[in-house]
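Engineer: Any chance you can model this:
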Amino acid sequence: MLRGLHVPLVTPFDAAGRVAADAVEKLACHVLDQGAAGLVALGTTAEVAALEPEERARVVDICARVCAEQQALLTVGVTGNDTRSTARALRDLPEGAGAALVTVPYFLRPGERGVAAHFEALAEETRVPLVIYHVPYRTSQPVGAATLRRLGAHPMIAGVKYAVGGIDQETVDLLGDLPGGFEVLGGDDALVSPLLALGAAGAILASAHVDTRGFADLVAAWHEGDVGRARALGHRLARLSAALFAEPNPTVIKGVLRAQGLIPTPDVRLPLLPADPAAVSQALRAATA
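Structural biologist: Got it, this is the predicted structure:
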């Protein structure tokens, strides 16, 4: 279900600061046409914390319609720092959601036993498969391979977005012994190629807004065993990702998308600020290299 490239869609804003619904649809269609296997709505890249409830609902409705038309998977980000409210959000997911991306509880640092209990409780409440979002440099909560394997054995936990900031022994151990039906998706844009080489099923990458076809081809090349092509793509796309993350995500990405005519403004909502024009120019050069 999770195999391939999934794009965590940004939320475009118009000149008045409102969600630009037409641009959401245009961008969603664009990345799917360019080879993405699915969309992630309301992820971190969408500035979900800065969206009003009605704005979130509108974004999901648009993405659900586009994914239904193109027979693509829609994963919806579900944000919550406690188990009860997160379970409630999962129960309230609209029709059209095929999976939910749920972050490891942040700031609380509940320990691995708490993380396991949290996701096992959610798995009993959800009607769609869960994808664990493991991003310890944001949550301050490490989760080892053994805990992820334990969670992956549950039939309602489909995979993990793996963004630990490197390739370490835990990474190798996890990918070397995965439960059946549990997939690893790369979440560190610049490191996705080595993770795919180790056996990841796909990726959720913000950088793929800018070169969707290239990242989709990278996933396919590793799956097909075309090592030479995969290495060349991986090196080029890692340089692109570094340029796109030179300032806080998604500021540079939005600047590039605006320059490419895909969204109406490069605007973000506070506390984010628009990217420096020099960073956007450098990313545009990397995109066309």
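
Engineer: Cross-check the contact I'm expecting between residue 135 and residue 102.
Structural biologist: No - contact criterion CB atoms under 8 Å: residue 135 and residue 102 do not qualify, at 11.6 Å. Where C-beta positions appear, they are placed from N, C-alpha and C, glycine not excepted.

Engineer: which of these two has more neighbours?
Structural biologist: residue 102 (26 against 20; other CB atoms under 10 Å).

Engineer: Spell out the secondary structure type for residue 158.
Structural biologist: With DSSP: H, G, I helix; E, B strand; the rest coil as the basis, residue 158 sits in strand.

Engineer: Give me the distance between it and residue 152.
Structural biologist: Distance from residue 158 to residue 152, counting by CB to CB, to the nearest Å: 8 Å.

Engineer: can you check residue 277 too?
Structural biologist: 44 Å.

Engineer: Of these two, which one has the most company?
Structural biologist: residue 152 (22 against 11).

Engineer: my read: that one touches residue 175, true?
Structural biologist: No - using CB under 8 Å, residue 152 makes no contact with residue 175, being 11.7 Å away.

Engineer: Pop out the phi and psi values for the residue positioned nearest the centre of the chain.
Structural biologist: The residue lying closest to the centre of the chain (CA atoms, centre = their mean) is residue 204, at 3.7 Å. When read as degrees, to the nearest 10, the backbone of residue 204 gives phi -120, psi 110.

Engineer: just residue 5 next, same as before
Structural biologist: As for residue 5, its main-chain torsions (degrees, to the nearest 10) stand at phi -100, psi 130.

Engineer: And for residue 10?
Structural biologist: Dihedral pair for residue 10: phi -70, psi 160, per degrees, to the nearest 10.

Engineer: What distance do you get for the nearest residue to residue 276 once chain neighbours are set aside to residue 43?
Structural biologist: Excluding the flanking residues, the one nearest residue 276 by CB to CB, 6 or more residues apart in numbering is residue 247, at 6.6 Å. Residue 247 is 18 Å from residue 43, where distance means CB to CB.

Engineer: So for those two, which sits in the more crowded spot?
Structural biologist: residue 43 (27 against 20).

Engineer: How many residues are close by the nearest residue to the more buried one once chain neighbours are set aside?
Structural biologist: Sequence neighbours aside, residue 8 is the residue nearest to residue 43 in space, at 3.7 Å (criterion: CB to CB, 6+ apart). Using other CB under 10 Å, residue 8 has 25 other residues around it.

Engineer: Tell me how many other residues surround the closest residue to residue 248 other than its chain neighbours.
Structural biologist: Of all residues not flanking residue 248 in the chain, residue 272 sits nearest, at 5.9 Å (CB to CB, 6+ apart). By other CB under 10 Å, 16 other residues sit near residue 272.

Engineer: Same check on the one 3 residues further on?
Structural biologist: Close neighbours of residue 275, defined as other CB under 10 Å, add up to 24.
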